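K.L.:
Build the 3D model from these lines:
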Amino acid sequence: MKNYPKVEKLRDGTAVLLRPMAGGDQARVKAFYKGLPEQDRLFLRDDVSRDEVVDRWFAELNYARVLPILALTDDESEVMACATLHRFPQGWQRHVGEIRIVVAHDFQRRGLGSLMARVVVSEALEAGLDKLVAAMMTDQMRARRAFSQLGFIPEATLKDHVMDLRGRTHDLLIMTRNVKALWEEMQQADIAQTRPMEH
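P.N.:
This next block holds a predicted model:
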């Protein structure tokens with residue numbers, strides 16, 4: 001955790017404080033998830049509107065298995081986004097991590113999702129992981145586009161595999177990406193953005 005806290009800026013200049021979720025964040029994390037539009041909460045794995053769900057996350061906080069990174073306003077009063085890297089330290093998936101990103105409605109389409117993806121990829125690389133997995137319902141088109149833009153490719157579709165909060169079943173799409181290749185592309189994109197224009 002030596003890299004945190006750190007401050008980054010969105011495209012519009014908004015300052016974002018990045019750091020791992022800690023015990024004192026419980027109230028603000030609950031407020032963040034309860035503040036999501038119903039349509040956004042509908043597709044999450046857990047019913048995040050229930051306090052006991054978030055309480056369990058904090059009770060079981062273990063960065064070696066799940067590393068949750070928060071994006072907060074510079075005064076730390078509000079959570080703007082939460083990205084998690086899920087790991088499987090033992091067994092046959094120890095080289096694989098799963099990436100999940102949730103962005104508050106007011107901060108969507110401002111580059112925050114891309115920033116959080118970069119943070120998770122950096123952590124995956126540092127952890128020595130080879131592969132990242134993103135799982136979503138097939139009708140989560142915004143998530144599919146976002147991960148496609150990062151070079152994730154569909155590997156499997158599981159029919160009627162997940163059920164949303166209204167009890168409706170959906171197909172589950174599994175997308176994957178090589179960690180080192182993705183990080184190199186992100187680095188090259190950064191260089192391209194900061195390179196002076198030639199005249």
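K.L.:
Show me where this protein dips below the pLDDT cut-off.
P.N.:
1, 191-199 (pLDDT under 70).
K.L.:
Which residue ranges of it form strands?
P.N.:
6-9, 15-20, 66-72, 79-87, 96-103, 131-137, 153-163, 169-178 (DSSP state E).
K.L.:
Select, out of the ones you listed, the one closest to residue 30.
P.N.:
When the strands of the chain are compared by CB to CB, strand 79-87 sits nearest residue 30, at 9.5 Å. (C-beta placed from N, C-alpha, C; glycine too.)
K.L.:
Dig out what the residue positioned nearest the centre of the chain forms beta bridges with.
P.N.:
Most central in the chain under CA atoms, centre = their mean is residue 101, positioned 2.3 Å from the mean C-alpha point. Counting by DSSP bridges, residue 101 is bridged to residue 83.
K.L.:
show me the contacts for it.
P.N.:
Residue 101 is in contact with 81-84, 113, 116-117, 120, 146, counting by CB atoms under 8 Å, 6 or more residues apart in numbering.
K.L.:
residues touching the closest residue to residue 66 other than its chain neighbours, list them.
P.N.:
Take residue 66 and drop its neighbours on the chain: the residue closest to it by CB to CB, 6 or more residues apart in numbering is residue 86, 5.3 Å away. Residue 86 makes contacts with 65-66, 97-100, as judged by CB under 8 Å, 6+ apart.
K.L.:
Quick check: PyMOL command selecting the buried ones in those residues.
P.N.:
Buried members of the contacts of residue 86, defined by 16 or more other CB atoms under 10 Å, are picked up in PyMOL with:
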select buried, resi 66+97+98+99+100
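K.L.:
And the furthest pair within the contacts of residue 86?
P.N.:
Spatial extent of the contacts of residue 86 (CB to CB) is set by the pair 65 and 99 at 14.3 Å.
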